[in-house]
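**Q** One predicted model, sequence on top.
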Amino acid sequence: MKIKDDSSQLNTQRVIVIGGGAAGLLAAGRAAELGASVTLLERMDEPGNKLLITGKSRCNLTNIAPLKEFLTAFGPNGKFLYGAFSRFFRDELLGFFLRYGIETKNERGGRVFPASDNAADVVAALMSYIKDHGVDLRLSSRVAGIERDDRGVTGVILDSGEFIPGTAVILAAGGSSYPATGSAGDGFRLAEKLGHKVNTLYPALVPLVIKEISYAIAFQGVSLKNVRLTAYAVNKASIPEMTIEHDYGRGTGWEKPPAPIIESRFGEMLFTHFGIGGPITLLMSQAVARALDAGPVSVSINLKPALTNKELDARLLREFAVSPKRQLPAILRELLPEKMVDLMAGISGIPMGRTASNFTTEDRHRLVKLLKGLTFDVKTPLPIGAAMVTAGGIDLKEIDPRTMASKLVPGLYLAGEVLDLDADTGGYNLQAAFSTGWVAGEAAAKFAGIIIE
Ligand SMILES: Cc1cc2nc3c(=O)[nH]c(=O)nc-3n(C[C@H](O)[C@H](O)[C@H](O)COP(=O)(O)OP(=O)(O)OC[C@H]3O[C@@H](n4cnc5c(N)ncnc54)[C@H](O)[C@@H]3O)c2cc1C
């Protein structure tokens, strides 16, 4: 690729990047690599704060899932990424990091991590990239507004009042999650002021608070593996628009769902002092958050999803025959983690001292029902600030998927979590930030006068 710089005659022909996170660092580096004069503005006193805590500080960079599956992880908006991914996807990303000395390894669920298990290495590589290409990085520089005239963007204003002129501006200020890292929703406000539509924000990948708080406290710390968690709308009238029956029916477990299902997942979850968390809870949290807008939501835990009601009943009968003197707590001990036994015995309504030989059919059926559907009412998800990802954001209809250019404001480009894009855990979100950042960097450089032949 031959690059010519056509921007020398005007010293304002500069690309300004707002936000030194995953998207902004790559966008700034790429625009500068192509020959643009780039200023990267970061409001915190160091860049990449969020990157440093990703993947429990190991940074799950991307995923080895095939493209189609990759896009599916973003839900219906995933197709928007096709343009960016066809220019810069996983192979290009891993090739880029390899050039900066970062070897990677694949883990469970196709997750890709740096071989060093150290997110700081990823930030260091991105810092080397921008430094190698002469990006002017300005820290503690919070952008308060993006300026424009009739022809398009003209620059940005910092909260100090300083105006920085620029021909193109890349908005990569992140979402509203983990505001202490610097991503505190500024990006949405900046875009909105320019007329962009910001779709309602929701917390995604977040634990859920349940109404039965005393149960949560009693079960706190219990981790459940191989269970099926199902969220459902309590009132039929409140069936949410976004109802997803995620892998419903693949496992066994539900013969008769109690109400319209919002989402159902099999896997691992845990109890916290306020409710439920763990992988499958986080994955369905956004759907639950959206459904709560429409009406009450309950979650039901099938603790024995591999068995049908009938099979579980038969198993109980077999066990009762082998140990007829066993009392209820001892029976439950065979079926549940120790910490759940006493409370579950209480919830069952079966007398504590009842021995297996004295169990009535009704007692057995009650126990089966409880084990197949331990149900709680969801009070709320934790707030967006505590969510791993902000769902919702700048409406994709107003952005060109091939370039990340705003369709409303010439010279404005948008990349990363500020967009209405979010995915499951697994490295998808970072890949989207890197890919949209890269593409925005290229397109903004071109707009600023760099001729790429
Ligand atoms: C705890 C946690 C773990 C995660 N782990 C993973 C993971 O392992 N894999 C994965 O794929 N995703 C993970 N994510 C999600 C991922 O981190 C984000 O989707 C990604 O960082 C978004 O990149 P971004 O560049 O758009 O935004 P950010 O990385 O949030 O960067 C935005 C930057 O803009 C700056 N900024 C904001 N406003 C202004 C302003 N007005 N002026 C100047 N600068 C501004 C911020 O300070 C920040 O540095 C995780 C998220 C969290 C919270």
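**A** Right, received. Where do you want to start?

**Q** Confirm Lys379 sits in a helix?
**A** No - applying DSSP: H, G, I helix; E, B strand; the rest coil, one finds Lys379 to be strand, outside a helix.

**Q** That one reaches Pro207, doesn't it?
**A** No - taking CB atoms under 8 Å as the contact criterion, Lys379 and Pro207 are not neighbours in contact, 11.5 Å apart. Bear in mind the C-beta positions are built from the backbone N, C-alpha and C, glycine included.

**Q** Neighbour count: the two, which is higher?
**A** More neighbours sit around Pro207 than around the other of Lys379 and Pro207, counting by other CB atoms under 10 Å; the figures are 22 against 16.

**Q** And the nearest residue to that one once chain neighbours are set aside, how close does it get to Thr380?
**A** On the basis of CB to CB, 6 or more residues apart in numbering, the spatially nearest residue to Pro207 that is not a chain neighbour turns out to be Gly277, at 3.5 Å. To Thr380, Gly277 is 14 Å away according to CB to CB, to the nearest Å.

**Q** Give the residues shared as contacts by those two.
**A** Applying CB atoms under 8 Å, 6 or more residues apart in numbering, one finds that Gly277 and Thr380 are jointly contacted by Leu208.

**Q** Tell me if stretch 70-86 is near the ligand.
**A** No - under the criterion of CB under 6 Å from any ligand atom, the ligand is not reached by stretch 70-86; the shortest gap measures 10.0 Å.

**Q** which bits of the stretch 251-400 of the chain sit near the ligand?
**A** Among all residues of the stretch 251-400 of the chain, those adjacent to the ligand (criterion: CB under 6 Å from any ligand atom) are Met388, Val389.

**Q** and whatever residue of the stretch 251-400 of the chain ends up closest to the ligand, what is it in contact with?
**A** With CB to the nearest ligand atom as the measure, Met388 is the residue of the stretch 251-400 of the chain nearest to the ligand, at 4.2 Å. Listed by CB under 8 Å, 6+ apart, the contact set of Met388 reads Ser177, Tyr178, Ala204, Leu205, Val206, Leu282, Thr425.

**Q** For the residue nearest to the second one when sequence neighbours are not counted, pull up the helix or strand it's in.
**A** Of all residues beyond its chain neighbours, the one nearest Tyr178 is Lys50 (6.2 Å), with distances taken as CB to CB, 6+ apart. Assigned by DSSP states H and E, Lys50 belongs to helix 49-53.

**Q** Find residues that contact each of Lys379 and Pro207.
**A** Each of Gly275 lies in contact with both Lys379 and Pro207 under the rule CB under 8 Å, 6+ apart.

**Q** Go through the contacts of Met388 and say which is closest to the ligand.
**A** Compare each of these with the ligand using CB to the nearest ligand atom and the shortest gap goes to Tyr178, at 4.2 Å.

**Q** is it true that the closest one touches Ile53?
**A** Yes - using CB under 8 Å as the test, Tyr178 is close enough to Ile53 to be in contact (7.3 Å).

**Q** Mind checking which of those two has more residues around it?
**A** Legend: neighbour count by other CB under 10 Å for Tyr178 and Ile53, higher for Tyr178 (20 against 15).

**Q** and the gap between the more buried one and Arg138?
**A** Computed as CB to CB, the Tyr178 to Arg138 distance reads 22 Å.

**Q** Just the pLDDT for the closest residue to the ligand within the stretch 51-200 of the chain.
**A** Distances between the stretch 51-200 of the chain and the ligand by CB to the nearest ligand atom are smallest at Gly182, namely 2.0 Å. Reading off the confidence values, Gly182 has pLDDT 98.

**Q** How is the closest residue to it other than its chain neighbours assigned, secondary-structure-wise?
**A** The spatial neighbour of Gly182 that comes closest, neighbours along the chain excluded (CB to CB, 6+ apart), is Met44 at 4.2 Å. Look at Met44: counting by three-state DSSP, its state is coil.

**Q** now Ala433
**A** Using three-state DSSP as the criterion, the local structure at Ala433 reads helix.

**Q** mind listing what it touches?
**A** Gly21, Ala22, Ala23, Leu26, Ala172, Ala415, Gly416, Glu417.

**Q** try 7 Å this time
**A** Gly21, Ala22, Ala23, Gly416, Glu417 (CB atoms under 7 Å, 6 or more residues apart in numbering).

**Q** show me the residues around the fourth one that make contact.
**A** This means Gly416. Residues Gly21, Ala22, Ala23, Ala172, Gly174, Ala433, Thr436, Gly437 are the ones in contact with Gly416 under the rule CB under 7 Å, 6+ apart.

**Q** Sitting in helices, which of those do you find?
**A** Ala22, Ala23, Ala433, Thr436, Gly437 (DSSP state H).

**Q** Can you narrow those residues down to the ones near the ligand?
**A** Checked against the ligand using CB under 6 Å from any ligand atom, these yield the following neighbours: Ala22, Ala23, Ala433.

**Q** Does the first one touch Phe434 like I think?
**A** Yes - the pair Ala22 / Phe434 is scored as a contact, 5.7 Å apart, by CB atoms under 7 Å.

**Q** Neighbour count for these two, which is higher?
**A** When Ala22 and Phe434 are compared for neighbours, Ala22 comes out ahead with 31 against 28, by other CB under 10 Å.

**Q** Not counting its neighbours along the chain, what's nearest the more buried one?
**A** Counting by CB to CB, 6+ apart, Ala433 is the residue found nearest to Ala22 once chain neighbours are left out, at 3.9 Å.

**Q** mind checking how far that neighbour is from Tyr129?
**A** Distance of Ala433 to Tyr129, given as CB to CB: 15 Å.

**Q** check which helix or strand covers Gly295.
**A** Judged by DSSP H and E, Gly295 forms part of no helix or strand.

**Q** now the closest residue to the ligand within the stretch 301-450 of the chain: how far from Ala423?
**A** Residue of the stretch 301-450 of the chain nearest the ligand, by CB to the nearest ligand atom: Gly416 (2.2 Å). Remark: distance between Gly416 and Ala423 (CB to CB) = 13 Å.

**Q** Equivalent analysis for Pro351, please.
**A** Note on Pro351: its distance to Ala423, by CB to CB, is 49 Å.

**Q** how deep is the residue nearest to Tyr178 tucked in, by neighbour count?
**A** By the measure other CB under 10 Å, the count of residues near Lys50 is 24.

**Q** for Val15, same thing?
**A** The local packing of Val15 (other CB under 10 Å) involves 34 other residues.

**Q** Now for the residue positioned nearest the centre of the chain: which residues touch it?
**A** Geometric centre of the chain, nearest residue: Val389, 4.0 Å, by CA atoms, centre = their mean. Remark: with contacts taken as CB under 7 Å, 6+ apart, Val389 is in contact with Gly175, Ser177, Ala204, Leu205, Glu417, Asp422, Asn429.
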